[in-house]
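[1] Here's a sequence, model it:
(chains A and B)
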Number of protein chains: 2
Amino acid sequence: MMKAVSTESGEASKAIGHYHGVNRGLSVFDLILRIVAIVGTLAGAVAMGTAEQTLPFVTQLVQFSAQYDDFDTFKLFVIVNAIICAYLALSLPFSIFHIIRSRAGKSRILLIFLDAIMLALLTSGASAAAAIVYLAHNGNSSANWFSICQQYTDFCQRSAGSLIGSFGAMVCLVLLIILSAVAISRR
Amino acid sequence: MMKAVSTESGEASKAIGHYHGVNRGLSVFDLILRIVAIVGTLAGAVAMGTAEQTLPFVTQLVQFSAQYDDFDTFKLFVIVNAIICAYLALSLPFSIFHIIRSRAGKSRILLIFLDAIMLALLTSGASAAAAIVYLAHNGNSSANWFSICQQYTDFCQRSAGSLIGSFGAMVCLVLLIILSAVAISRR
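    Numbering: from 1, shown residues only, chains lettered A, B, ... in the order given. The predicted structure follows:
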């Protein structure tokens, strides 16, 4: 009888060990995703923030140049990326805390909520910037907005490339939310 | 002793009744929010889809006119709104089912998941359209994109107004997700 009990408790502790192991694995993956998203938003903000180009010819009065802050949408994009990068950096200690204490519940719920808000903010900023990048590439004949990418090739490539970082970070945030939901439902 | 037990079971059934009452209230509110969001997205899609303006003067070769489908972003906006309107209409039976059976769990989780995807889609479409509406109002001097709202006043007002419906629907979807999360956590 004594033996049976000890076997059972051994199995139970093994099950708990397995449970903690999986949750710890999820938390480590959470930490990695956050770091990838930080790199993505930072790269997006820096690439957009340093996008400028001056055309090599000068007319009598004007020198043609394009900078990210000529476009309000691109300014918004940089600000949004910076905010989300800062938020993700601040959330790293929580993520590490979840690796150490895999049963923590309330902080996970707080984090899933904030992650969702940040995802909405990033989606909005990146989509608006994508609309302007699209316009810069294709122009619009009925509004008489000409494509500026024939002249400002570097600027266009830079601003389009900076979207990649942001959209990558969006994917990371979606995965983070799903991971947190799985971890919460396993409690 | 008998009396005490019956009082207790009475209290328990009252508590269960209260529980069902609150969850039913949440479900009714869910249904109302869905209907409001349907109206919002439908109004957004229709207002944008019917936005067109022909200027009253004709030059030798061209008559100036603007339509929503001259702008790819506005086309996307109409499509996204239509998709979300259709999704919300299809989700109404689920919402009604939740009023009748307030303990249903799995269908709520499915719904919260789909709601979140639709929210992301709507945020992206509405933000991109807002970026173009902003550009149409303000223009951009360094890209030589002139404001078209001096000429196409009606078209601009219509396209800006259609954003209101979409952003209203976004607020509804956020509330829907929070409501569902509350209902799931109360099970």
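[2] quick one: average pLDDT of stretch A:127-146?
    For stretch A:127-146, the mean pLDDT works out to 88.
[3] Span of it from start to end?
    Stretch A:127-146 stretches 21 Å from its first residue to its last (C-alpha to C-alpha, to the nearest Å).
[4] Show me which residues of chain A sit near chain B.
    Neighbours of chain B within chain A, by C-beta under 8 Å from any C-beta of the partner chain: A:65-67, A:70-73, A:116, A:119-120, A:123-125, A:127-132, A:134-136, A:138, A:140-146, A:148, A:174, A:177. (Each C-beta comes from the backbone N, C-alpha and C, glycine too.)
[5] Kindly write the ChimeraX command that selects the buried subset of the residues you listed.
    Typed into ChimeraX, the next command selects the buried ones out of the residues of chain A next to chain B (criterion: 16 or more other C-beta atoms under 10 Å in any protein chain shown):
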select /A:66,71,73,116,119,120,123,124,125,127,128,129,130,131,132,134,135,136,140,143,145,146,148,174,177
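[6] who touches the longest strand belonging to chain A?
    Identified as the longest strand of chain A according to DSSP state E is strand A:52-58. With contact meaning C-beta atoms under 8 Å, 6 or more residues apart in numbering or on different chains, strand A:52-58 is reached by A:Q63, A:F64, A:S65, A:A66, A:Q67, A:Y68, A:Q151, A:Y152, A:T153, A:D154, A:F155.
[7] Would you check how far apart A:A45 and chain B are?
    As judged by C-beta to the nearest C-beta, to the nearest Å, A:A45 and chain B stand 17 Å apart.
[8] And the most centrally placed residue in chain A, what's its pLDDT?
    The centre of chain A sits closest to A:A169, judged by C-alpha atoms, centre = their mean, with a distance of 2.5 Å. Looking at A:A169, its pLDDT stands at 95.
[9] In chain A, what residue spans correspond to strands?
    According to DSSP E, the strands that chain A contains are A:52-58, A:63-67.
[10] Buried deepest among these, which one?
    Ranked by mean neighbour count, those are led by strand A:63-67 with a mean of 15 (mean count of other C-beta atoms under 10 Å in any protein chain shown).
[11] wait, A:K75 sits on A:A82?
    No. When contacts are counted by C-beta atoms under 8 Å, A:K75 is not listed as touching A:A82 (10.8 Å).
[12] any shared contact partners between these two?
    Shared contacts of A:K75 and A:A82, defined by C-beta under 8 Å, 6+ apart, are absent.
[13] Extract the C-alpha trace of the longest strand of chain A and format it as PDB.
    Output of strand A:52-58 as PDB, limited to C-alpha atoms (Å, rounded to 0.1, in the frame of the first residue of the first chain):
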ATOM      1  CA  GLU A  52      16.400  60.600 -46.800                       C
ATOM      2  CA  GLN A  53      17.700  61.400 -50.200                       C
ATOM      3  CA  THR A  54      18.800  64.500 -51.900                       C
ATOM      4  CA  LEU A  55      18.700  64.500 -55.700                       C
ATOM      5  CA  PRO A  56      22.000  65.300 -57.400                       C
ATOM      6  CA  PHE A  57      20.800  68.100 -59.500                       C
ATOM      7  CA  VAL A  58      19.900  71.600 -58.300                       C
END
